[in-house]
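A.B. asks: Fold the following.
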Amino acid sequence: MNRREWMTGAARLLAGVGLMGPTVVWAEEGSKTQQFIGKAYDKDSGQWIYTEQHNQTFRNGKWVSGVIRYVLPNGELVAEKKLDFSVDPFIPLTAMSIPRSKYAEAITEVNKDFVVMQTTENGKTESDKVNRKNPMCADSGFHAFIQANLPDLNAGKKITLAFGVVGRRSEYSFRILKTGSSQQDGKTRVELRAEPDSLLRFVVDPLTLVYELESRNLLEYNGLSNIPDVKTGKPPMVKIVYSGY
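C.D. replies: Model prediction:
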């Protein structure tokens, strides 16, 4: 497995971060629907390349389901992901398809012992049972996990967890740590780095994230995209900026 293959699989987990954007409501009771966007820019050129359109449903203050649509600047829908957190708050049942790439992936079962991860590429479907570890997250559950632990991370605690990469149908030891903070408009911006907790960190670029401490909203993601470039077919390095909360 080379660096690009590993990062592509990891990005499908984080960027679908998937990670980037879904916001857990911490205090409000009853049902709630929230919509917001994340605009993805090519890391090198700064060109706007696609938009994530997030729609989440919350019940009794908990994020229970959602849909993420990936739309090009011309309005073309290139991918869609569905999320269901009814079984586990950090490991959702998922279904994501990228028709242009003839690729799909899913988490089809979550229980106390294992997680079933599935990929379909060029008509071939493969499925694996991944053993549960504690703590563990997968797909957009990585974002929910960070939100749940943001006060500890802000205080300087380094957190290690099992990180389920659906695109690789496997899990890896990952660590998350604070790298800095700043103030903007009276709010605290917490800067984080997520990286493999193994020798992989010497060959895999870390993901960098910015959260607002007070709301726990994700503001910025820097890393490999989970959406292949329409020209090259390969996922680009991106900066995604979130707004509309």
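A.B. asks: quick one, longest helix in the chain?
C.D. replies: Counting residues, the longest helix in the chain under DSSP state H turns out to be helix 141-154.
A.B. asks: Adjacent strands (with direction) for the helix or strand that it is followed by?
C.D. replies: Counting by DSSP states H and E, the next helix or strand C-terminal to helix 141-154 is strand 159-165. Here strand 159-165 is paired, per DSSP bridges, with strand 136-138 (parallel), strand 170-184 (antiparallel).
A.B. asks: among these, which is the most enclosed?
C.D. replies: Of all the strands paired with strand 159-165, strand 136-138 carries the top mean neighbour count, a mean of 23, counting by mean count of other Cβ atoms under 10 Å. (Glycine included, C-beta is placed from N, CA and C.)
A.B. asks: sorry, back to before: out of the strands paired with strand 159-165, nearest to Gly123?
C.D. replies: strand 170-184 (22.0 Å; Cβ to Cβ).
A.B. asks: what separates the helix or strand just after that closest one from the chain centre, distance-wise?
C.D. replies: Downstream of strand 170-184, the next assigned helix or strand under DSSP H and E is strand 187-196. Its chain's C-alpha centre and that of strand 187-196 lie 14 Å apart, by Cα atoms, centre = their mean, to the nearest Å.
A.B. asks: Identify the residues contacting the very next helix or strand once past strand 187-196?
C.D. replies: Next in sequence after strand 187-196, counting helices and strands by DSSP H and E, comes strand 207-212. By Cβ atoms under 8 Å, 6 or more residues apart in numbering, the surrounding residues in contact with strand 207-212 are 10, 14, 146-147, 150, 179, 187-195, 217-223.
A.B. asks: try it again with 6 Å
C.D. replies: Contacts to strand 207-212, defined as Cβ atoms under 6 Å, 6 or more residues apart in numbering, come from residues 150, 187, 189-194, 218-223.
A.B. asks: Could you do stretch 163-178 as well?
C.D. replies: 9-10, 12-13, 105, 115, 117, 128, 130, 138-139, 153, 158-162, 192-194, 196-198.
A.B. asks: in the chain, which helix or strand is least confident?
C.D. replies: In the chain, the helix or strand scored least confidently by mean pLDDT, DSSP states H and E is helix 3-14, which has a mean of 44.
A.B. asks: my read: Tyr245 touches Arg216, true?
C.D. replies: No - taking contacts as Cβ atoms under 6 Å, Tyr245 lies outside contact range of Arg216: 10.2 Å.
A.B. asks: Between these two, which is the more surrounded one?
C.D. replies: Between Tyr245 and Arg216, Arg216 has the larger neighbour count (other Cβ atoms under 10 Å), namely 19 against 15.
A.B. asks: Backbone torsions only: list them for that one.
C.D. replies: phi 70, psi 20 (degrees, to the nearest 10).
A.B. asks: now the one 10 residues further on
C.D. replies: Reported as degrees, to the nearest 10, the phi and psi values for Asn226 are phi -100, psi 0.
A.B. asks: Now do the residue of the chain most remote from its centre against Pro73, distance only.
C.D. replies: Distance to the chain centre peaks in the chain at Gly186, reaching 27.0 Å (criterion: Cα atoms, centre = their mean). Applying Cβ to Cβ, to the nearest Å, the value for Gly186 to Pro73 is 33 Å.
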